[in-house]
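K.L.:
Just the structure for this:
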Amino acid sequence: MAGPKFGSFKGEKGDSAAAAGAAAQRRDPYEVLGVGRNATEQEIKSAFRRMALKYHPDKNADDPVASEKFQEATFSYNILSDPDKRRQYDSSGFEAIEADGQELELDLSSLNTVNTVFAALFSKLGVPIKTTVSATVLEEALNGSVEISQLQLGKSVCRKVEKQTAHFYSVDITDKEAKMGLVCRVHSTAKSKFKLLYFELEDNGGLSLALQEDSAKTGKVTSAGMFFLGFPVYRFEQNNSAAAAKDPDSAFFKRLDGFQPCEVNELKAGTHYFAVYGDNFFKSASYTIEVVCAEPFSAEKERLRSVEAKIIAKRSELSKFESEYREVLAKFTEMTSRYAQEMQTIDELLKERNAIHASYTNNPTLQRSSSSSKGKSPSKGSKSEDDQTVKKEKKSKSQPMEESRSDDDATKNKKEKKPKDRIRRKKWFNIHMKVDKRRPC
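P.N.:
Numbering: from 1, shown residues only. Coordinates of the predicted model:
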């Protein structure tokens, strides 16, 4: 069977018929991993790890059949490890998965340089890129060929791990400490990407991966934690941001779907193994790891139990609220559409009424204007004719007014000129002549 190219980062878009044909050729994910339809999350993870170790490209560089089986197992695990996708597949098959968009988990150690660059670029742009632990690291742990450092309770260790490699730690706890609970937390002030891993000891002395927590941004750091407190503690996986942008309403109501209980709630006395895996694309990851006993944190323990119980209750409330919200939203959309239609109808009726009122006249000009107002788009010629007639009337009315104004201005000018002339004449005849008359010639 020619499987699809799940390992390559760049996807190719085909037509719907080709997509349907490819979906028909794919095998059932449960059949690929060899698990039943009621398999637990832990059983699915274990089955995938076995196949990944067996068919990984690092071990089968020149075997195309092994490469196809590895890609097929990865694709199947991506569906069954996601509760939402698994539910969609169980109800509607591959078509529902393809319609919702696929999120593949990449093993960065198996990618070439070009694909790694593309993955890093898309991650910087905000596209969620899920990654898996390198098969080489898992195989070395399973063979017992990893170096393990001893970690003391309550003491933090700061180190730097290279990309796609892991630092392993062991912690010894007593019966009392196991009963009170244990917490392992890792954070990075450099905002590095990493994975916190928990391994179980096998009979052959090797370590098998049991739990995995990806780092997430919390404020100014990236962090991840595992809480073994004797009661169900939940992990929270964020929704796909791209899907949320397409349908924010659905993203809101599915926001708490990623709130799932951890597989392991408590630890027994003895030695336990953790690891920090460098998940950056190109550079090493700086981190600080700390394992503490929960005995001094009894208040925080009860608060965590209470808050998570409220979150679970809120998740059930959201499912009920969604149906109410969808019903009201559909009604609101219907009412908004009707509101726009009624507004348009009222405007048209009032416009028609005004046109009828304006038609009751013998004035041809008003009749023309009223008839033109009945149409949706009156002609430019009628408008220009009306404007010309109105201008002519204004000019005819303004002409006598201007003539009367000119007559009044002329009379005013005459009245004003007379006193000025008199004053000048007075000045002319008031020349002092008497003195000249008395003098002898």
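K.L.:
Could you report the neighbour count for residue 365?
P.N.:
Neighbours of residue 365 under the rule other Cβ atoms under 10 Å: 13. Where C-beta positions appear, they are placed from N, C-alpha and C, glycine not excepted.
K.L.:
how about it, secondary structure?
P.N.:
helix (DSSP: H, G, I helix; E, B strand; the rest coil).
K.L.:
shaky segments in this protein?
P.N.:
Flagging of the chain using pLDDT under 70 yields the residue ranges 1-25, 58, 96-130, 238-246, 281, 366-441.
K.L.:
max-length helix in it?
P.N.:
helix 298-358 (DSSP state H).
K.L.:
Which strands and helices lie in contact with that one?
P.N.:
strand 234-236, helix 248-253, strand 259-261, helix 364-374 (3 or more Cβ pairs under 8 Å, 6 or more residues apart in numbering; DSSP states H and E).
K.L.:
and for the first one, what are the contacting residues?
P.N.:
Counting contacts by Cβ atoms under 8 Å, 6 or more residues apart in numbering, the residues outside strand 234-236 that touch it are 213, 258, 259, 260, 261, 262, 308, 311, 312.
K.L.:
Quick check: the residue lying closest to the fifth one once chain neighbours are set aside vs residue 262, distance?
P.N.:
Setting aside the residues directly before and after it, residue 261 is nearest to residue 232 in space (Cβ to Cβ, 6 or more residues apart in numbering), at 4.6 Å. Counting by Cβ to Cβ, to the nearest Å, the separation of residue 232 from residue 262 is 7 Å.
K.L.:
Pick the one among the contacts of strand 234-236 closest to residue 39.
P.N.:
residue 260 (15.3 Å; Cβ to Cβ).
K.L.:
on that earlier part again, so the residue nearest to residue 261 sits in a helix?
P.N.:
No: using three-state DSSP, the assignment for residue 232 is coil, not a helix.
K.L.:
Phi, psi for it please.
P.N.:
Backbone torsions for residue 232, taken as degrees, to the nearest 10, come to phi -60, psi 120.
K.L.:
Any idea how many residues pack against it?
P.N.:
12.
K.L.:
How about residue 259?
P.N.:
For residue 259, using other Cβ under 10 Å, the count is 15.
K.L.:
who's in contact with it?
P.N.:
By Cβ under 8 Å, 6+ apart, the neighbours of residue 259 are 234, 235, 236, 311, 312, 315.
K.L.:
just checking, the residue nearest to residue 261 touches residue 265?
P.N.:
Yes: with contact defined as Cβ atoms under 8 Å, residue 232 counts as touching residue 265 (5.7 Å).
K.L.:
For the stretch 101-250 of the chain, which segments count as helices?
P.N.:
113-124, 135-142, 175-180, 241-246, 248-253 (DSSP state H, counting those that start in this stretch).
K.L.:
list the buried ones in the third one?
P.N.:
It refers to helix 175-180. By 16 or more other Cβ atoms under 10 Å, the buried positions in helix 175-180 come out as 177, 178, 179, 180.
K.L.:
Save these as JSON lines, and put in distance to residue 57 too.
P.N.:
Output for these, formatted as JSON lines (distance: Cβ to Cβ, whole Å):
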{"residue": "177", "distance to residue 57": "42"}
{"residue": "178", "distance to residue 57": "40"}
{"residue": "179", "distance to residue 57": "45"}
{"residue": "180", "distance to residue 57": "45"}
